[in-house]
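Asks: Need coordinates for the following:
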Amino acid sequence: MAKDEIKIACENRKARHDYFIHETYEAGIELKGTEVKSLRAGKANLRDSYAEVKDGEVFIEHLHISPYEQGNIFNHEPLRRRRLLLHKREILKLFGKTREKGFTLVPLKIYFKKGRAKLELALASGKHNYDKRAALHEKSAQRDIERALKERSR
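Replies: Okay, the predicted model is just below:
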C-alpha cells in the first residue's frame with residue numbers, strides 16, 4: 001500500500017439519499033489508540049451521527065466505534081463525543097452556515113490518508129420525500145440510458 005493511498009474505514013451511504021450536499025470538508029479526528037485499531041478493522045458506524053459547533057470547536061456526536069477486541073481496561077466508550085480538527089476559519093464558516101435555517105453537518109465517510117484518520121464532513125440540507133423520489137427516478141432513467149447504449153454498441 002502506498003503512503004498517500006486512501007483506505008476507507010466506513011461510509012454513510014444513506015446521507016447522500018437523505019440530504020443535499022452543498023460543501024464538503026476534510027477534518028482530522030481526535031481518537032484514542034483502541035479507536036484507531038477498531039477503525040482500521042472497519043468497526044465503525046456513521047448512520048445516526050452528526051457534527052455540531054460548540055465553543056469554537058467542532059464535535060461529532062453518535063459516531064459508534066466498536067470496542068477493540070484485544071483491548072483491555074484501556075478500551076474506549078463506543079459513543080463518546082469526539083473532537084474534529086479543522087482550521088479556525090473553516091470552523092467560523094461552518095458556525096455561520098449552521099445557524100442558517102435548514103443546514104446541518106453530516107459525516108460522509110471516515111478514511112485513512114497517510115496513516116491518519118480523516119473524516120469527510122458535509123454541509124447539508126435535508127431532502128423532502130418528493131426530492132428523494134425524484135432522485136430515484138433520475139437514477140433509474142440514467143441506468144436505462146446506460147443499458148440502452150451498451151446494447152446498441154454490441
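Asks: Tell me which residues touch the most centrally placed residue in the chain, please.
Replies: Nearest to the geometric centre of the chain sits L108, at 2.1 Å (C-alpha atoms, centre = their mean). Contacts for L108 (C-beta atoms under 8 Å, 6 or more residues apart in numbering) come out as E11, N12, A15, R16, I21, T24, L46, E120, L121, A122. Quick note: C-beta positions are derived from backbone N, CA and C, even for glycine.
Asks: could these be laid out in CSV, adding distance to A135?
Replies: Output for the contacts of L108, formatted as CSV (distance: C-beta to C-beta, whole Å):
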residue, distance to A135
E11, 18
N12, 16
A15, 13
R16, 9
I21, 12
T24, 18
L46, 20
E120, 20
L121, 22
A122, 16
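Asks: among those residues, which are in helices?
Replies: Under the assignment DSSP state H, these contribute A15, R16 to helices.
Asks: all helices of this structure, in order?
Replies: Under DSSP H, the chain gives helices at 13-18, 33-40, 88-99, 129-152.
Asks: I'd like to know which of those helices is closest to F112.
Replies: helix 33-40 (7.2 Å; C-beta to C-beta).
Asks: before we move on, back to that, G115: which of the helices of the chain is closest?
Replies: That would be helix 33-40 among the helices of the chain, by C-beta to C-beta, at 9.8 Å.
Asks: Mind listing what's buried along that closest one?
Replies: T34, E35, V36, K37, S38, L39 (16 or more other C-beta atoms under 10 Å).
Asks: cool, and stretch 12-28?
Replies: N12, A15, R16, Y19, Y25, A27.
Asks: can you pull the contacts of the third one?
Replies: Okay, so that is R16. So R16 contacts L108 (C-beta under 8 Å, 6+ apart).
Asks: From D48, how far off is it?
Replies: 16 Å (C-beta to C-beta, to the nearest Å).
Asks: now E30
Replies: 20 Å.
Asks: repeat for G115
Replies: 28 Å.
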